[in-house]
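K.L.:
Make a model of this:
(chains A, B, C and D)
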Number of protein chains: 4
Amino acid sequence: MSSTYILTLSCKDVRGIVAAVTGFLAEHYGFIIESAQFGDASTGQFFLRIEFSSGEMTPPEDIFKKRFHDEVAQRFAMQWQLHDKARKPRVVIMVSRHGHCLNDLLHRHLTKTLPVEIPAIISNHPDFKEVVEWQRIPFYHLPMEQGGKQAQEAKVWDVFTRHGGDTLVLARYMQILSPELCAKLDGRAINIHHSFLPSFKGAKPYTQAFDRGVKIIGATAHYVTPDLDEGPIIEQEVARVDHTFKPDDLEAAGRDIECAVLARALKYHIERRVLVNGCKTVVFK
Amino acid sequence: MSSTYILTLSCKDVRGIVAAVTGFLAEHYGFIIESAQFGDASTGQFFLRIEFSSGEMTPPEDIFKKRFHDEVAQRFAMQWQLHDKARKPRVVIMVSRHGHCLNDLLHRHLTKTLPVEIPAIISNHPDFKEVVEWQRIPFYHLPMEQGGKQAQEAKVWDVFTRHGGDTLVLARYMQILSPELCAKLDGRAINIHHSFLPSFKGAKPYTQAFDRGVKIIGATAHYVTPDLDEGPIIEQEVARVDHTFKPDDLEAAGRDIECAVLARALKYHIERRVLVNGCKTVVFK
Amino acid sequence: MSSTYILTLSCKDVRGIVAAVTGFLAEHYGFIIESAQFGDASTGQFFLRIEFSSGEMTPPEDIFKKRFHDEVAQRFAMQWQLHDKARKPRVVIMVSRHGHCLNDLLHRHLTKTLPVEIPAIISNHPDFKEVVEWQRIPFYHLPMEQGGKQAQEAKVWDVFTRHGGDTLVLARYMQILSPELCAKLDGRAINIHHSFLPSFKGAKPYTQAFDRGVKIIGATAHYVTPDLDEGPIIEQEVARVDHTFKPDDLEAAGRDIECAVLARALKYHIERRVLVNGCKTVVFK
Amino acid sequence: MSSTYILTLSCKDVRGIVAAVTGFLAEHYGFIIESAQFGDASTGQFFLRIEFSSGEMTPPEDIFKKRFHDEVAQRFAMQWQLHDKARKPRVVIMVSRHGHCLNDLLHRHLTKTLPVEIPAIISNHPDFKEVVEWQRIPFYHLPMEQGGKQAQEAKVWDVFTRHGGDTLVLARYMQILSPELCAKLDGRAINIHHSFLPSFKGAKPYTQAFDRGVKIIGATAHYVTPDLDEGPIIEQEVARVDHTFKPDDLEAAGRDIECAVLARALKYHIERRVLVNGCKTVVFK
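P.N.:
The predicted structure is shown next:
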């Protein structure tokens, strides 16, 4: 029976990588559905993403992986991952008091347009308990008590791991994660920042945008790093505004693009289209 | 015979301004073609732009202006200007070694799609002398010699005034104007900045954009002020890029939006659609 | 006590309209918050929208309206409407089996970012009964039985009027309204068409777009008229696609812009920013 | 010495194609710089584009091509082409009386931002003779005389072939090519259509757009086919407009996007990024 897999890898860019990988796949009865590659001329690093279906004679996943490691990956010192596309990623969502991104993701989940499991929602406020539980998803209210960041984050980590979380999405979660939690979630936590980074870092970006009188605003989805607002950018989107927009209007216009850009970034991420390249990303759309 | 005029004004926002202005126009046989207004709730300032045609019985321009001053403007302590649309603005263009914006403006001028006079081009490099003179426009090569900024700017000012310049366009002129020259050209000099301000201020914005790994780049047209890159923004535009764009590719993608955004900003400016509002602009598109 | 009103009007374009209207407002202690006008040179028709606040000495609404009629509207043979901004429009939504636009509007309603009442939802399918009723909104399942279009539309009209509906939104309601119902709802019913009209009229626009190999898809919000897909366009939006998009992918990409464009069109409509101009619209954004 | 080549191919989609091609390249000391592929699930056709540099031990081009044919292409019944990137494509441009696209391409050529040779310009009008010849490019005025389409096209073909033309660009050439000439230029002639196809086919698209009251206009670059406006679309772009745009304003707004979209389509074409797929295109950006 045929399965579909996504193979992603990166290594030093030398001659023969694609030949070795695709040769291995052909020998093991893999049929390439989609393939994309990128050689970063400025760093000499190579990135590859291949989506392929297995054939009747393709060996079982564990044997396939062992052989790939021995015959290909080791030779090029590759960092690589193989994902069975049938296995839905488990995405835990954190939110504070702005629910538009949460609602958008829940609707995509409900209507099966975003193929993920959402095993849990975590919030430092109780506001969305009812709407989340109505969808039969466990809701964890983990408030941030005075001086209790470490304790709160321990609970967050416990919920995340207990529910088998793969990816953590900060859907307008207005708290900074500690360097320790960032490290544990490296490359697995996505934040939506409500500005067109690197413009308007920090607090109240829409007020900053109002004060500067910009004619276009934006939103940015990026991987979470300890250095706030500096994580590798996955996706951005913009919207045109004018002098009549007050900060509230900018915020309203921003909400739509925040939803769109976070949903797109998460889709790219779960489809393994995003490969981190230092402080940047390669996105194979 | 009928002429078309553009009236722009700003004053403290109180009841009765529009009634007074439009009442005055109606009494003087003016027919409103286009009108736009804006009250800035954060400052209490009011802005109005009216395009109107005069009738057979409208008094001559000087009498009209005197009466408007006495009967309307004084009462509301207005700052105002009246422009005869038939009079083409005289736009002097400065450029260094990147000619795409210059070429774009010259082509719009040549094909009469931008209704301006271009009485002179000034450059600190001789590169575009031939192409400019072919179009029968005087070209002034005013190089920036060591320590000679003051002398060079005196020559720039001389060319600008001698040719009756109304507006100065810095079409990728890679020199900072002195505070003195900025002051003289206040609200009359437009710069194109090759980034999506306030992102990537300063030098080499495309290299900065490459290093940060942004997914969208931009360009910004703004009024020139002594505080570089902080002038009131008139117009912005963006273009989508991805991980495959090297700094050169970003620059190439940027060139197209630089041309478009500068041409649009200049069009708004010469049509008197842009009213400066502190460090921001009101743009009545 | 001060109220905010929106005055919209249209009439033959002649000299003195704005002076008469704003003069009337000034005399009645109205303070203009926002104003926009348009003279259609191709038809000679004039359109005006003014948002103003009343003062302590402004007469009550009924007297104000009578005087406006007698002193201004009659003189210019105006079609006009006055709306108290405090009164929330009552929007009835119809949907079939694609719930993304419905969900988007319900979320905007729930989070108070779209200031409307939603007194009822009507569907020819039962799918969204549970989610709608969870939000404590009455849900009417009015199936389309063989030959029963007239009977079904009578029920639709009954629900609409019984709930005091002002505006009917077809949020992916996959049935054509009869000319009779269209006439009753003239200028009050908004449809979202899932293509960039006039491209791909009729059924299955995403399949048509796939077959033609377009590089950009779109969505269109328009007023409902008996001539399907020919109603006055209120708003459009587009999204970039490429050769890898299958019809399903086009549909998924389209869903996001359908939500955005319908929400924007409805916002313009309820803020009385849309004035119908023959088979076109004037939209004072 | 190393050269850079672009290999494009298409064939029936089966297992092992990429392995065979990249294996062949590796054996012949080719280093892959960029690679993109697409399998069209609806037709079973496979498309591949690989940019690679040769090594010191890579055989000369003719031997390389013969071996590729014998060892790879024949086996999969491929249609394929190999291009030496150092060889600049020769692009002949045709124009009528709207010069904005011509000017844009000439400027890109002059400033070396579009790596092509422009050996000749052909027009049915004499308008641009002076500006073209100033750039030292031969200008052919080939008017369309009554009943003389066949004779005129013979001259066009003569100019095209005599100057070694690879690609013919119709930069607002307002004449339909005969089926015979279309056949000779199959996949090598690009037209810019001044509408967002398939909207507003035929004449005067901006007037059609005005009459319909659309809120977004567009432009389309496509391969020329006998069936006018139905050729495979390479690229499209749009611009937002509103009720204030008269047909002339739509045309002015359209000019900028026509320039941008034609330049982009031509760039993709000369970089061999466009593969025709029936009445559609695969564009490997």
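
K.L.:
is stretch A:161-172 up against chain C anywhere?
P.N.:
No - applying Cβ under 8 Å from any Cβ of the partner chain, one finds stretch A:161-172 out of contact with chain C, separated by at least 12.1 Å. C-betas here are computed from N, CA, C, even on glycine.

K.L.:
how far is that stretch from where the chain is centred?
P.N.:
Between the mean C-alpha point of stretch A:161-172 and the mean C-alpha point of its chain there is a distance of 10 Å (Cα atoms, centre = their mean, to the nearest Å).

K.L.:
buried stuff in that stretch?
P.N.:
Residues A:163, A:165, A:166, A:167, A:168, A:169, A:170, A:171, A:172 are the ones in stretch A:161-172 that count as buried (16 or more other Cβ atoms under 10 Å in any protein chain shown).

K.L.:
same check, this time on stretch A:186-203
P.N.:
Judged by neighbour count using 16+ other Cβ under 10 Å, the buried positions of stretch A:186-203 are A:187-200.

K.L.:
One more: stretch A:268-282?
P.N.:
Of the residues in stretch A:268-282, those buried by neighbour count under the rule 16+ other Cβ under 10 Å are A:268-277, A:279-282.

K.L.:
Which members of those residues occur in helices, if any?
P.N.:
Where the buried residues of stretch A:268-282 overlap with helices, as defined by DSSP state H, the overlap consists of A:268, A:269, A:270.

K.L.:
Run through the residues of chain A sitting next to chain B.
P.N.:
Contact residues of chain A with respect to chain B, defined by Cβ under 8 Å from any Cβ, are listed as A:38, A:40-42, A:196-200, A:212-216, A:218, A:232-238, A:242-244, A:246, A:277, A:279-283, A:285.

K.L.:
Strands of chain A, start to end?
P.N.:
In chain order, chain A shows strands spanning A:4-12, A:31-40, A:45-53, A:79-84, A:91-95, A:121-123, A:139-141, A:167-170, A:189-193, A:216-223, A:233-240, A:274-277, A:280-283, with DSSP state E as the criterion.

K.L.:
and the closest residue to residue A:281 other than its chain neighbours, what is it in contact with?
P.N.:
For residue A:281, ignoring the flanking residues on the chain, the nearest one in space by Cβ to Cβ, 6 or more residues apart in numbering or on different chains is residue A:232 at 4.6 Å. For residue A:232, the contacting residues are A:222, A:223, A:225, A:276, A:277, A:278, A:279, A:280, A:281, B:213, taking Cβ atoms under 8 Å, 6 or more residues apart in numbering or on different chains as the criterion.

K.L.:
go again using 7 Å as the cut-off
P.N.:
Contact partners of residue A:232, counting by Cβ atoms under 7 Å, 6 or more residues apart in numbering or on different chains, are A:222, A:223, A:276, A:279, A:280, A:281, B:213.

K.L.:
quick one: the fourth one from residue A:222, how far?
P.N.:
Meaning residue A:279. Taking Cβ to Cβ, to the nearest Å as the measure, residue A:279 falls 10 Å from residue A:222.

K.L.:
give me the number of residues near the closest residue to residue A:133 other than its chain neighbours?
P.N.:
Taking Cβ to Cβ, 6+ apart as the measure, residue A:133 lies nearest to residue A:139, with 5.5 Å between them; neighbours along the chain are not counted. Using other Cβ atoms under 10 Å in any protein chain shown, residue A:139 has 18 neighbouring residues.

K.L.:
Test my guess that residue A:139 contacts residue A:130.
P.N.:
No - using Cβ atoms under 7 Å, residue A:139 is not in contact with residue A:130; the gap is 8.6 Å.

K.L.:
Hmm, residue A:198 and residue A:220 touching each other?
P.N.:
No - applying Cβ under 7 Å, one finds residue A:220 not in contact with residue A:198, separated by 8.8 Å.

K.L.:
what is in contact with these two at once?
P.N.:
A shared contact of residue A:220 and residue A:198, defined by Cβ under 7 Å, 6+ apart, is any residue touching both; here there are none.

K.L.:
May I see the strands of chain A organised as TSV, with mean pLDDT added?
P.N.:
Putting the strands of chain A into TSV (pLDDT from 0 to 100) gives the following:
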stretch	mean pLDDT
strand A:4-12	98
strand A:31-40	95
strand A:45-53	97
strand A:79-84	97
strand A:91-95	98
strand A:121-123	98
strand A:139-141	98
strand A:167-170	98
strand A:189-193	97
strand A:216-223	97
strand A:233-240	96
strand A:274-277	98
strand A:280-283	98
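
K.L.:
Can you name the residues that contact residue A:245?
P.N.:
Taking Cβ under 7 Å, 6+ apart as the contact definition, residue A:245 lies against residue A:253.

K.L.:
Can you give me the distance of it to residue A:252?
P.N.:
With Cβ to Cβ as the criterion, residue A:245 and residue A:252 are 9 Å apart.

K.L.:
what's the answer for residue A:238, then?
P.N.:
Distance of residue A:238 to residue A:252, computed by Cβ to Cβ: 15 Å.

K.L.:
which one of the two has more residues nearby?
P.N.:
Neighbours of residue A:238 and residue A:252, each counted by other Cβ under 10 Å, are more numerous for residue A:238; the result is 20 against 17.

K.L.:
where do the helices sit along the stretch 1-150 of chain A?
P.N.:
Using DSSP state H, counting those that start in this stretch, the helices found in the stretch 1-150 of chain A span residues A:17-27, A:61-68, A:74-76, A:100-110, A:129-134, A:149-162.

K.L.:
now the residue nearest to residue A:133, which residues is it bridged with?
P.N.:
With DSSP bridges as the criterion, residue A:139 is bridged to residue A:121.

K.L.:
need the contact list for it.
P.N.:
By Cβ under 7 Å, 6+ apart, the neighbours of residue A:139 are A:121, A:129, A:132, A:133.

K.L.:
top of these by neighbour count?
P.N.:
In terms of neighbour count, residue A:121 stands highest of the contacts of residue A:139 at 26 neighbours, by other Cβ under 10 Å.
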